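Visitor: Here is my input, please return the structure:
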Amino acid sequence: MKRDNISTGGKWEPIIGYSRAVRVGPFVHISGCTAMTAQGLVGKGDAYAQTVQILKTIREALEKAGAKLEHVVRTRMYLTKIEQWQDVGRAHGEVFGVILPATTMVEVSKLIDPDMLIEIEAEAIVPE
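Guide: Model (predicted):
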């Protein structure tokens with residue numbers, strides 16, 4: 001089966017050795033995304049704004065892999081402050097409220113940058 005590795009040029013991709021997304025056949029796996037952009041972190045201190053940016057990054061990675069948000073079957077959300085779950089959930093629901101992927105939301109002690117409040121992974125299956 002053909003494998004496509006998709007890079008977005010993030011600064012940690014070559015250091016850690018990973019792809020933003022990997023597509024094998026109809027399956028697309030999106031690595032954990034944060035609100036970090038080429039211009040810096042979006043939404044410092046704001047879990048909702050960070051989640052909105054992360055979901056934009058996921059959408060862009062899906063599109064590069066030939067998939068759409070509608071193809072997402074699973075997301076995993078890692079929050080550094082679980083009490084912010086409502087802000088994160090609101091942003092997630094604005095994108096996935098009709099799609100309704102299986103999802104997980106858990107608290108973690110920290111992410112790679114202390115200003116990052118959330119990281120999200122996604123998996124999609126593209127109809128053939």
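
Visitor: Return the residues in contact with the residue nearest to R20 when sequence neighbours are not counted.
Guide: Nearest residue to R20 in three dimensions, chain neighbours excluded: T8, at 4.3 Å (Cβ to Cβ, 6 or more residues apart in numbering). Yep, even glycine has a C-beta here, placed from its N, CA and C like the rest. By Cβ atoms under 8 Å, 6 or more residues apart in numbering, the contact list for T8 reads 20, 57, 60-61, 64.

Visitor: For I15, see how far away T8 is.
Guide: According to Cβ to Cβ, to the nearest Å, T8 stands 14 Å off from I15.

Visitor: just M36 next, same as before
Guide: Distance of M36 to I15, given as Cβ to Cβ: 13 Å.

Visitor: Have a look at those two and say which one is more surrounded.
Guide: Taking neighbours as other Cβ atoms under 10 Å, M36 and I15 compare with M36 leading, 22 against 8.

Visitor: Pretty sure the more buried one sits against L117.
Guide: No. M36 is beyond contact range of L117, at 11.7 Å (criterion: Cβ atoms under 8 Å).

Visitor: what ranges do the strands span in this structure?
Guide: All strands of the chain, identified by DSSP state E, fall at 3-6, 21-24, 27-33, 36-37, 40-41, 72-79, 102-107, 118-125.

Visitor: got the contact list for the fourth one?
Guide: Here strand 36-37 makes contact (Cβ under 8 Å, 6+ apart) with 10, 42, 53, 57, 113, 116.

Visitor: any chance of those residues in a markdown table, with distance to L79 too?
Guide: Listed next are these as a markdown table, based on distance: Cβ to Cβ, whole Å:
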| residue | distance to L79 |
| --- | --- |
| G10 | 21 |
| V42 | 16 |
| Q53 | 15 |
| T57 | 17 |
| D113 | 14 |
| M116 | 10 |
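
Visitor: Just the buried subset of these, written out for ChimeraX, thanks.
Guide: The buried subset of those, as determined by 16 or more other Cβ atoms under 10 Å, is captured in ChimeraX by this line:
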select :10,42,53,57,116
